[in-house]
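no sequence on this one, just coordinates:
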């Protein structure tokens, strides 16, 4: 069983691959300096100073008009008790106001609402405070993230939001700083460096959580073989209180946490100790009664278990749920969802705490639908597995053994000797987009997907786009088509109650409300209100902008609002389908706020039509060079610029002019456009590599002209 009480614990290629995952944010919107800046309204009101503390969060249901913390409550249920907007009248929902976010990239933040003020984040970790009634900008703070840091990121220059506490606003920045701001005017109070090594590819995209006056924050970067950890800082001073490393730094120590000595026994002695992974980049929850902080950890770095830990082993604490003491960071128990992970099956997905009646007994549970495709219900007091069942198509494991808590492998995902078509994909059956839980229906609403991924342990072709023999790799399995859903899942019976299919596998998070409505935004630029019991569509609002962020609800002056950040990006790339808003309209990032009897939503400007392909330079057409260039382009460029050209976020490289081609090497290797976010790739690409990429781009351009 992968759990423990206190100390009784159980026993260069991926760098390129993850660039394919849509990941590197190569270009920013505008050049800027690296100094922090803030803009304040002419007369910021002193009554905007917020006094949020633990007691107020614990009693959040007594003030349902606020959204005090990331999941509204410490339990992270993302359920609003407000009922003014309900099944009977939600068809009257319209736009109350909108606020531009000055972004054409991914927006992933959960807005925080306290006493009539909204606090949210845009790209590059920029923070804004707005009047929740009107959208008037009260102040904004730009931490001045170095645009060159975009190269060190997994999945776009995104941020998932702030934490608000005792007159302060806290944000983690892309370049690894934790910043405290004055909630009244956005002025910086303190800033601390959370990174243990600034030369490594660490980042922060997740929202901080605050427990017992400690600001809890993790880091991203497992794809780039960094070493994961979670840190707690004093909210008043920024002093580091404790840090828990999630994986050992070596087989023999030193061990920063006593738990790591036992964890080291689950790594083979010849493991790759460059980093190991296990970054805690998103999900957390807290139980004040048990005084347990729950943290989800990420994948291994490198992905391949065969490379990372050749002698085998579970590799604790990768892909695990950790229960820590918030005062000390001491590990109380853990549950590993994917021992020896080789498929990027992180357990960083949203966790929900609830009390459920199971087999005639009230249970304190933790629920998670991690990437690996199984929905887990755990006893949150001790980590005991209550149940685990597939919520999407899964072929890597047949089931989770109820006695050991371990997945039973099928062998269909073992790519140590041959390529395998594995379900779920590395994007997971459910990714970071938060699910929600309604205590009224007893259902969990999951943004889910069916999609596969080809894993291959063959040198530089560890993953190759466009595999032609998927049927052969599927080995006669009944493979479902790729599709996305919003699934209503019964965690007690572990059965599907209903599902709504979506036109794209990437979509936004979910909000459940006491009004009997579930709200959910889609990649195709549609905002849905669904009956929480049946999935019936009660309202569909076309907004013209793809959404990956989750909605929230709040109330001011007796009026209920639904708010969502709209802006397409993150790792959601090249998965186009349906009436795709991101190709029809400009990807104009904005905060949309709805209310009853609001106005029609104005659509963003139409996307600029793609002009004719300009003349191209005469470069190599040698098949081997073009194939090499294709692979290098996929690994290094396609995630941001589009695998085959079309992308709503960054320039279509097929449209480069002869003048731009003339300085191609200066851009790719020399960092000519670094101030605009296009970092130099001289550390990973040679001149020959860059020339092969350029030749491939020219071949794509010429093929587009022929089409």
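Looks like it came in fine. If you're wondering where the values come from, they're calculated on a predicted model, not measured in any experiment. Numbering: from 1, shown residues only.

could you identify the longest helix within the protein?
Counting by DSSP state H, the longest helix found in the chain is helix 687-706.

what segments of the stretch 301-450 of the chain are strands?
Here the stretch 301-450 of the chain has its strands, by DSSP state E, counting those that start in this stretch, at 320-324, 331-336, 351-358, 361-368, 374-379, 385-390, 397-400, 407-409, 420-422, 436-438, 443-450.

the second one: which residues count as buried?
Taking 16 or more other CB atoms under 10 Å as the neighbour-count basis, strand 331-336 is seen to contain the buried residues 331-336. No exception for glycine: its C-beta is placed from N, CA and C like everyone else's.

in its sheet, which strands sit next to it, and in what direction?
Paired with strand 331-336 in the same sheet, following DSSP bridges, are strand 320-324 (antiparallel).

quick one: residues in contact with the strand it pairs with.
The list of residues contacting strand 320-324 from outside it, by CB atoms under 8 Å, 6 or more residues apart in numbering, reads 2, 230, 244, 246, 278, 292-297, 330-337, 347, 351, 366, 368, 378, 380, 383.

can you flag the weakest of the strands of the stretch 301-450 of the chain by average pLDDT?
If you rank those by mean pLDDT, strand 420-422 sits at the bottom with a mean of 91.

pairing partners for that one, with directions?
strand 453-455 (antiparallel).

quick check: mean pLDDT of the partner strand?
Rounded mean pLDDT across strand 453-455 is 87.

quick one: that strand to chain centroid distance?
20 Å (CA atoms, centre = their mean, to the nearest Å).

packing partners of the longest helix of the chain?
helix 623-636, helix 664-668 (3 or more CB pairs under 8 Å, 6 or more residues apart in numbering; DSSP states H and E).

of the ones you listed, which shows the lowest average pLDDT?
With a mean of 86, helix 623-636 has the lowest mean pLDDT of these.

and the angle from it to helix 687-706?
Inter-element angle recorded for helix 623-636 and helix 687-706: 100 degrees (by axes from the mean of the first three to the mean of the last three CA atoms, to 10 degrees).

and residue 610, how many neighbours does it have?
Using other CB atoms under 10 Å, the number of residues around residue 610 comes to 13.

kindly report the same for residue 62.
9.

start at 50 instead
Sure thing, new numbering starts at 50, so read that last one as residue 111.

how about residues contacting the helix or strand harbouring residue 227?
According to DSSP states H and E, residue 227 maps onto strand 226-231. Outside strand 226-231, the residues that touch it by CB under 8 Å, 6+ apart are 85, 87, 176, 190, 192, 216-222, 236-243, 253, 257, 264, 266, 282, 284, 287.

what does stretch 101-111 give?
Stretch 101-111 has contacts (CB under 8 Å, 6+ apart) with 112, 115, 117-118, 121-123, 130, 163, 213-215, 260-262, 337.

need the max-distance pair from those residues.
130 and 262 (26.7 Å; CB to CB).

for the longest helix of the chain, buried residues please.
Using 16+ other CB under 10 Å as the test for burial, helix 736-755 gives 738-750, 753.

what's the following helix or strand after the strand holding residue 227?
With DSSP H and E, the next secondary element past strand 226-231 is strand 237-242.

that next one versus strand 226-231: what angle between them?
Going by the same axes, to 10 degrees, strand 237-242 makes 170 degrees with strand 226-231.

what pairs with strand 237-242, parallel or antiparallel?
With DSSP bridges as the test, strand 237-242 pairs up with strand 226-231 (antiparallel).

so how far is residue 533 from residue 724?
Distance, residue 724 to residue 533, using CB to CB, to the nearest Å: 37 Å.

who's more crowded, those two?
residue 533 (24 against 16).

pLDDT score assigned to the more buried one?
Residue 533 carries a pLDDT value of 94.

packing partners of the helix or strand hosting it?
Per DSSP H and E, residue 533 falls inside strand 532-539. Strand 532-539 sits against strand 492-499, strand 544-551, strand 556-562, strand 566-571, with contacts defined as 3+ CB pairs under 8 Å, 6+ apart.

please repeat the previous calculation with a cut-off of 10 Å.
Where contact means 3 or more CB pairs under 10 Å, 6 or more residues apart in numbering; DSSP states H and E, strand 532-539 is packed against strand 423-428, strand 492-499, strand 544-551, strand 556-562, strand 566-571, strand 575-580.

could you give the angle of that strand to strand 566-571?
Going by the same axes, to 10 degrees, strand 532-539 makes 160 degrees with strand 566-571.

give the buried residues for strand 532-539.
Buried residues in strand 532-539 (16+ other CB under 10 Å): 532-538.

closest to residue 153 out of the helices and strands packed on helix 736-755?
helix 713-717 (19.7 Å).

tell me how far the closest one lies from the chain's centre.
30 Å.

name the residues that touch it?
75, 666, 668, 685-686, 702, 705, 709-710, 719, 721-723, 725, 727-731, 734, 736, 738-740, 742-743, 746-747 (CB atoms under 10 Å, 6 or more residues apart in numbering).

next, count neighbours for the residue nearest to residue 593 when sequence neighbours are not counted.
The spatial neighbour of residue 593 that comes closest, neighbours along the chain excluded (CB to CB, 6 or more residues apart in numbering), is residue 652 at 3.8 Å. Neighbourhood size, residue 652 [other CB under 10 Å]: 16.

same question, residue 459
14.

do the same with residue 447
Residues near residue 447, counting by other CB under 10 Å: 14.

kindly report the same for the one 5 residues further on.
As a burial measure, residue 452 scores 7 neighbours (other CB under 10 Å).

cool, residue 597 as well?
Neighbour tally, residue 597, other CB under 10 Å: 28.

again with residue 431
16.

verify the stated contact: it with residue 412.
No: assessed by CB atoms under 10 Å, residue 431 is found out of contact with residue 412, at 11.1 Å.

how close does the residue nearest to residue 593 sit to residue 594?
Counting by CB to CB, the gap from residue 652 to residue 594 is 8 Å.

wait, which of the strands of the stretch 350-499 of the chain is closest to residue 543?
strand 434-439 (3.8 Å).

how far is the closest one from where the chain is centred?
24 Å.

and stretch 216-223, by the same measure?
On CA atoms, centre = their mean, the centre of stretch 216-223 falls 18 Å from the chain's centre.

if we can go back for a sec, identify the contacts common to residue 652 and residue 594.
Joint contacts of residue 652 and residue 594 (CB under 10 Å, 6+ apart) are 574, 630, 634-635, 637.

which one of those sits closest to residue 561?
Relative to residue 561, and with distances defined as CB to CB, the nearest of those is residue 574, at 22.2 Å.
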